[in-house]
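Asker: sharing a model prediction with you, sequence too.
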Amino acid sequence: MARRGLIVGKFYPPHRGHKFLIDSGRAQVDHLSVIICQKPHEQPPGELRAAWLREIHPDVNVLLIDDVYDEQDSKIWAENSIRWLGFVPDVVFTSEDYGDRFAHHLGCEHVQIDKARTIVPVSGTKVRSAPLQCWEFLEPPVRAWYAKRVCLIGAESTGKTTLAQALSAHYQTVWVPEFGREYSERKLAETGGYDFTSEEFTHIAQTQCEREDEAARKANKILVCDTDAFATSIWHRRYLLERSPAVEAIVAAHRRPDLYLLTDVNTPFEQDGTRDGEAIRGWMHATFVEELTAQQRPFQLLSGSREERLANAITMIDALVQYEER
């Protein structure tokens, strides 16, 4: 007969200590169920934690429940676990002292795994308080949530891409190129001009968000973005002379960067054969400042030479990271 196991926890958030527990339990049973307990207002929310565990452990049955019970009442937890599962498990795996009581009320075996946290020395509390210090204990989807996102925005030919590449090299991390530039260059080559439709900007904004979220999984604590969907909303106004509700809905739904670095326009305009916005760089810059301020998005202005901008950007990002790790 197939042997069925159970693990119950908050997984708030999932880390490699949890992964060791789940992997160890899964190796000992034919079927393993994991029950995630969620409370309102938790960040990251329970739905997301459940999705992460399903990705990390695709061969495990993950259930999400609302935690409205007394944590000390093992009998209530056992009765509800059986009801949620629809069966009595053969074994419950824990790293806690309550495991024996819980297993007794379940009527099954208890296997305790790494109670002292010596094999994987991390806890959910520590991750929540200082995620960047716990980076080695996080899986890619969890890293994507906690990575500090720094976005470079500004008018045309203000050094954003060059700076993004330099910051990526400095922090030994990944950077997200501007999809709108890629799309525009292809459009110019195919049609000879920039006769954009609103739907094209919606596509650009959505694709930029998708690429940003994918890159965040590979980031080394910091993700450097060369523009974002917020900037796309400004470019929509620049070309179509009006706002786009569709683009702005994407902006509102997407994760905000932790810091915007706005490059000023006091740099020579370099024509690379694709740029057409030299005359409106001032308008673009003023609009960025206006919208960043109105939406209360955190930003800093970068001025000076290329070397000065890089040095100032590093100082600002270091301050952001040090605040997180203190």
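Answerer: It's in. The structure presented is a predicted model; accordingly, all values stated were derived computationally and were not measured. Residues are numbered from 1 along each chain as shown.

Asker: can you give me the buried ones in stretch 296-313?
Answerer: Across stretch 296-313, burial judged by 16 or more other Cβ atoms under 10 Å covers 297, 299, 301, 302, 309, 310, 312, 313. C-beta coordinates here come from the backbone N, C-alpha and C atoms, glycine included.

Asker: helix, strand, or coil at the first one?
Answerer: Following DSSP: H, G, I helix; E, B strand; the rest coil, we place residue 297 in the coil state.

Asker: when you give positions from now on, start the count at 14
Answerer: Happy to do that; since the first residue is 14 now, the last one works out to residue 310.

Asker: just the pLDDT at it, thanks.
Answerer: The score at residue 310 is 97. That number is its pLDDT.

Asker: where along the chain do the strands fall?
Answerer: 17-22, 44-51, 74-79, 104-107, 122-125, 161-167, 188-189, 235-239, 272-276, 312-315 (DSSP state E).

Asker: and the third one, what other elements does it pack with?
Answerer: The contact analysis (3 or more Cβ pairs under 8 Å, 6 or more residues apart in numbering; DSSP states H and E) places strand 74-79 against strand 44-51, helix 59-69, helix 87-98.

Asker: one more time with 6 Å, if that's ok
Answerer: Counting by 3 or more Cβ pairs under 6 Å, 6 or more residues apart in numbering; DSSP states H and E, the packing neighbours recorded for strand 74-79 are strand 44-51, helix 59-69.

Asker: tell me the angle of it relative to helix 87-98?
Answerer: 120 degrees (axes from the mean of the first three to the mean of the last three Cα atoms, to 10 degrees).

Asker: next, the buried residues of strand 74-79.
Answerer: Using 16+ other Cβ under 10 Å as the burial criterion, the residues of strand 74-79 that qualify are 75, 77, 78.

Asker: point out the most buried one among the helices and strands packed on strand 74-79.
Answerer: strand 44-51 (a mean of 22; mean count of other Cβ atoms under 10 Å).

Asker: how about the contacts made by residue 71?
Answerer: Residues near residue 71 by Cβ atoms under 6 Å, 6 or more residues apart in numbering: none.

Asker: dihedrals phi and psi, it?
Answerer: Taking degrees, to the nearest 10, you get phi -70, psi -20 for the backbone angles of residue 71.

Asker: state the distance from it to residue 168.
Answerer: Using Cβ to Cβ, to the nearest Å, residue 71 is found at 45 Å from residue 168.

Asker: which stretches of this structure have low pLDDT?
Answerer: Residues of the chain meeting the criterion pLDDT under 70: 280-291, 336-339.

Asker: mind listing the helices for it?
Answerer: Taking DSSP state H as the test, the helices found in the chain are 29-39, 59-69, 87-98, 112-119, 137-142, 153-159, 173-183, 192-204, 211-229, 242-253, 258-266, 294-307, 319-338.

Asker: what's next to the fourth one, contact-wise?
Answerer: Contacts of helix 112-119 from elsewhere in the structure, counted by Cβ under 6 Å, 6+ apart, are 87, 88, 91, 105, 123, 125.

Asker: could you dump the buried residues of strand 74-79 into CSV and include distance to residue 172?
Answerer: Below are those laid out as CSV (distance: Cβ to Cβ, whole Å):
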residue, distance to residue 172
75, 46
77, 46
78, 51
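
Asker: residues contacting the residue nearest the centre of the chain?
Answerer: Centroid check for the chain by Cα atoms, centre = their mean gives residue 158 as the closest residue, at 2.8 Å. Residues near residue 158 by Cβ under 6 Å, 6+ apart: residue 57.
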